[in-house]
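Chemist: Predicted model and sequence follow; I will ask about them next.
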Amino acid sequence: MTLLTNTYGDVAEIGKLTPRWSASGTFSTTTSPTLATVESWCDQVSGLINTIPITQADAKLMLDMFVNEEVAAMVEGVHGSGRFGPAALGKGGVNRFQLIRGDISKFVEDHAQGIERLGAARAQAGFAGIGYRDTDVSGDETHPIFEREGFGESYATKDPE
């Protein structure tokens, strides 16, 4: 098995982060976890991140390092240590998937603008943001659900002096 095309991370780098659990810094069919498992984890964590695969070199390095760290923590967790070990689970009903999703959310929130400024495309859902329709499906005029005056507030523009 090899990493998928849009996967971030590097199994050799993960081996360097977890030398105790890899054979001389590399994973194989006899290590625990196996090479195939570590590659699968890289694919899966990357799949959770990818809305639009990032190819810009500096942005990809950031994502590689993030995936390497997450998967290294998963390797440690398999052996009962680290952030995903048994002691970390069960606190408030949190499971590994929720911990990983939380890590991804925090990472994306912290770095989305910088990654975009490096030239990576940013996906925007069609339903994101505030939308407004001035007519309904039959073409009749629609009115806002809430109006400023409905909350006891009035709005007036000032003439420039």
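Modeler: Sure thing, it's come through.

Chemist: For the chain, which helix or strand comes out least confident on mean pLDDT?
Modeler: Here the helix or strand of the chain ranked lowest by mean pLDDT, DSSP states H and E is helix 96-117, holding a mean of 90.

Chemist: starting at the chain centroid, how far to it?
Modeler: Centre-to-centre, helix 96-117 and its host chain are 4 Å apart (C-alpha atoms, centre = their mean, to the nearest Å).

Chemist: quick one: contacts of stretch 69-81?
Modeler: 9, 14, 17-18, 20-22, 32-33, 38, 41-42, 45, 82-86, 88, 96, 100, 103 (C-beta atoms under 8 Å, 6 or more residues apart in numbering). Glycine gets a C-beta too; all of them are placed from N, C-alpha and C.

Chemist: Show only the entries of those residues found in helices.
Modeler: 14, 17, 38, 41-42, 45, 96, 100, 103 (DSSP state H).

Chemist: Report the buried members of the residues you listed.
Modeler: 14, 17, 38, 41-42, 45, 100, 103 (16 or more other C-beta atoms under 10 Å).

Chemist: returning to that earlier point: which residues sit against the least confident helix or strand of the chain?
Modeler: 45, 48-49, 54, 56, 59, 62, 66, 70, 74, 77, 83-84, 88-89, 122.

Chemist: In CSV, list the buried ones among the ones in helices among the contacts of stretch 69-81 along with distance to Glu109.
Modeler: Below are those laid out as CSV (distance: C-beta to C-beta, whole Å):
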residue, distance to Glu109
Ile14, 24
Leu17, 24
Val38, 27
Trp41, 23
Cys42, 22
Val45, 17
Ile100, 15
Asp103, 11
